[in-house]
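> Sequence plus the predicted model coming up.
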Amino acid sequence: EPSGARTIVSGLVKYQTEEQLLGREVVVLANLKPRALKGITSHGMLLCASNEDHTVVMPLSPPAGVAVGELITFEGHVAAPEPPGNRAGKAFDRVADDLSAGEDMVATYKGIPFMTSKGPVKSGMKGSIS
């Protein structure tokens, strides 16, 4: 971020330690409307994969060397970021049920990999993505 680090509030305390998250490269929905969660303003949503009963949750990871803030693309879909706000959140809500990771742990939308300039985003596990 040009103005410094981005604050993201998540519900990962049961699944990831602070040490596991600090300094880790992750995938963030950065254009959501900021909102207060637990008394702190969150400026995005960390995307994670989880197993069916949500007892294991792991953040998505971009490939090594991907620039911070790079737009993730999906083959066959227009790659244009939505400006920050409610519209971006509604767009995510429309696609959320179609996000998953298969046996190869590649994050996908309707089976189409989350792609970066350095290759696909990985999940660390098979499961749904939210």
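Here it is on my side, so go on.

> can you pull the contacts of the residue lying closest to Glu103 once chain neighbours are set aside?
Excluding the flanking residues, the one nearest Glu103 by CB to CB, 6 or more residues apart in numbering is Lys126, at 5.7 Å. Bear in mind the C-beta positions are built from the backbone N, C-alpha and C, glycine included. Lys126 sits next to Ala49, Asn51, Ala101, Gly102, Glu103, Met105 when contact means CB atoms under 8 Å, 6 or more residues apart in numbering.

> Dump those into TSV; add secondary structure, pLDDT and neighbour count as well.
Output for the contacts of Lys126, formatted as TSV (DSSP: H, G, I helix; E, B strand; the rest coil; pLDDT from 0 to 100; neighbours: other CB atoms under 10 Å):
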residue	secondary structure	pLDDT	neighbour count
Ala49	strand	97	24
Asn51	coil	94	13
Ala101	strand	97	24
Gly102	coil	93	13
Glu103	coil	94	6
Met105	coil	96	18
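
> Checking my notes, Thr108 in a helix, right?
No: Thr108: not assigned to a helix; according to DSSP: H, G, I helix; E, B strand; the rest coil it is strand.

> The nearest residue to it once chain neighbours are set aside: how many residues sit nearby?
Distance criterion CB to CB, 6+ apart; nearest residue to Thr108, sequence neighbours excluded, is Ser100 at 5.9 Å. Using other CB atoms under 10 Å, the number of residues around Ser100 comes to 18.

> what's the helix or strand for Ser100?
Ser100 belongs to strand 99-101 when assigned by DSSP states H and E.

> quick one: that strand to chain centroid distance?
Between the centre of strand 99-101 and the centre of its chain there are 11 Å (CA atoms, centre = their mean, to the nearest Å).

> Of the contacts of Lys126, which is the nearest to Gly85?
Closest approach to Gly85 among the contacts of Lys126 (CB to CB): Ala49, at 26.4 Å.
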